[in-house]
Every structure is written in structure tokens, then in C-alpha cells.
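1. After the sequence you'll find the predicted model.
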Amino acid sequence: MSDATDSLAHHLARRILMDGPLSVAAFMAEALGHPRFGYYMRQDPFGVSGDFTTAPEISQMFGELAGLWCVDTWARLGGPAPFHLVELGPGRGTLMQDALRAAALVPAFREAARVHLVETSPTLRARQRETLAGVPVLWHDRLEDVPEGPTLILANEFFDALPIRQVQKTGHGWFERLVDLDPAAPADEPRFRFVLEAFGSAGARLIPPQLRDAPEGSVVEVSPASQAVARLIGGRLAAHPG
């Protein structure tokens, strides 16, 4: 049985005590993806009974239009067979279900498609299995694990959920915002607060050149994780049709 200190907040507090203040990206990564406590790892947050609703859960037309776009794009590529149909962050599998239903209008597309879902959450993988029952699907933790070859990629609200880093402009330059423990909180009820890095060198390197002259007090968000995935996608599309 878990005790009162067995929670995400206490896990984060212990990590800060050991390693010092965390970047916003590191804090987000733990809060969302920790194997035991992570938000996406332990629940299905979508739909009316969840915390938010995405477009595929509102209307099947969204996924159907995405599916027809895939068919059109596949045809323009010369109809490669086989090819990889990949979705990043597929939620409940609703978008892929609707896309495949619309794409069934072109049997050759469905026969050529090899469906891959990039999903780290065991809870959501189980839900996707239910939604896509009868469809051969391969699951992956990372896009890097999808085999090379002609590829179509869907990513609805995937980049929105990737961790970001924050950098703040002060009178002394740019400093990265970090998450630290609030010293006023009791040890058994940890709270967190923003602080700025001590010297500013790391944060300054994150600022795009066109934003370096922003006014004091400005906060810039950058997502190295998003940039890494975008580079990976770009590399795949440069090497293979997609």
C-alpha cells in the first residue's frame, strides 16, 4: 500500500532536492510521462468524461477528411505499396479509425497501408486496441522505431503536448525559468515555484535571434523536443517518399 509521500508531487520534490531546480521541460516530462505517476500513463483523459475533448472526438468528419487527404497524397506519390501510415500521439485511436473508414473507398490504399501508432501510454494503447479491433497495428514508443520507407504521418495535437522550456528577459539578459520547491511549504505537502537560473548562459542560447531584443519581462517558450521530432520527420521525408 502506498503512503502519503508516494505521489507525483513527492517524486518531483525528491528529484529537486537531489538534482536542484528542474527545467520546465523536465518538470512537464515527469508530470506527463512518468511510468507510474504520469498524467498520460495512468488514465484516459479524453472525451466528455475526461479532462478535454479533441477534434476527432467531436466529429467523425475530422478523421474522415484526414483519411481522404492520405489517399490523395498516396496517389500523388505514385501509390507506393507497401507504405507506412503513422500517427503520432493517437489518443483513443478515433482519428485513425475514422481515417481508415474513409480510406476504404480505395481498396488498394488499405491493402498497401501498414498502420503504426507511436504511443508510450499503456492505458491509451489498450484503448486504441479496442477502437481499432480487427486492424493490424504495430505500436512504437518512438518514431525512430518505425521502419524506413514511404510514409504518411498524422499528428493531431501531438506537438502541443511535448515539453517546453521557458526563458525570461530581465534587466541583466535572458535567464531560463526553472521549477523549484517552495520553501514556505511543509515537507509533507510540497509546492513548487518558478525561479530563474543563476547565470543565464543556458537560457540565452535558446532564444531565436529575432526575439533577443524583446522587452524586459518577456517570456519565450521553445520546445527542443518538438524540434527534434520535426527534424526526424524531415529526415525521413528527405530519404523516402511521404
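-> That came in fine, so what should we check first?
2. Quickly note the distance from P56 to G171.
-> Going from P56 to G171 by CB to CB, to the nearest Å gives 46 Å. Just so you know, the C-beta spots here come from the backbone N, C-alpha and C atoms, and that holds for glycine as well.
3. Between these two, which is the more surrounded one?
-> P56 (25 against 6; other CB atoms under 10 Å).
4. so that one is in which element?
-> For P56, the host element (DSSP states H and E) is helix 55-58.
5. which residues touch that helix?
-> With contacts defined as CB atoms under 8 Å, 6 or more residues apart in numbering, helix 55-58 is touched by 46-47, 62-63, 91-92, 94-95, 98, 156-157.
6. Just the buried subset of the residues you listed, please.
-> Among the contacts of helix 55-58, those scoring as buried are 46, 62-63, 91-92, 94-95, 98, 156 (criterion: 16 or more other CB atoms under 10 Å).
7. and these, which of them are in helices?
-> 62-63, 94-95, 98 (DSSP state H).
8. after the worst-scoring helix or strand of the chain on mean pLDDT, next one along is what?
-> The helix or strand of the chain with the lowest confidence, counting by mean pLDDT, DSSP states H and E, is helix 201-206 at a mean of 73. Helices and strands here follow DSSP H and E; after helix 201-206, the next one along the chain is strand 219-222.
9. Can you tell me the strand partners of that following strand and which way each runs?
-> strand 165-170 (antiparallel) (DSSP bridges).
10. Centre of the chain to the strand it pairs with, how far?
-> Here the centre of strand 165-170 is set off from its chain's centre by 22 Å, with CA atoms, centre = their mean, to the nearest Å.
11. mean confidence score for it?
-> Averaged over strand 165-170, pLDDT sits at 93.
12. just stretch 20-32 next, same as before
-> 93.
13. got the residue ranges for the helices in this protein?
-> In the chain, the segments counted as helices under DSSP H are 8-19, 24-33, 55-58, 60-76, 94-103, 107-112, 122-131, 201-206, 224-239.
14. And these: which comes nearest Q166?
-> Ranking those by proximity to Q166 (CB to CB) places helix 24-33 first, at 4.9 Å.
15. Could I have the CA atoms of the closest one written out in CSV?
-> Only the C-alpha atoms of helix 24-33 are listed here, as CSV (Å, rounded to 0.1, in the frame of the first residue of the first chain):
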residue,chain,number,x,y,z
VAL,A,24,10.0,23.4,-17.2
ALA,A,25,10.6,20.7,-19.8
ALA,A,26,11.9,18.2,-17.3
PHE,A,27,9.0,19.0,-14.9
MET,A,28,6.5,18.5,-17.8
ALA,A,29,8.1,15.3,-18.9
GLU,A,30,7.8,13.8,-15.4
ALA,A,31,4.2,15.1,-14.9
LEU,A,32,3.0,13.7,-18.2
GLY,A,33,5.1,10.6,-18.8
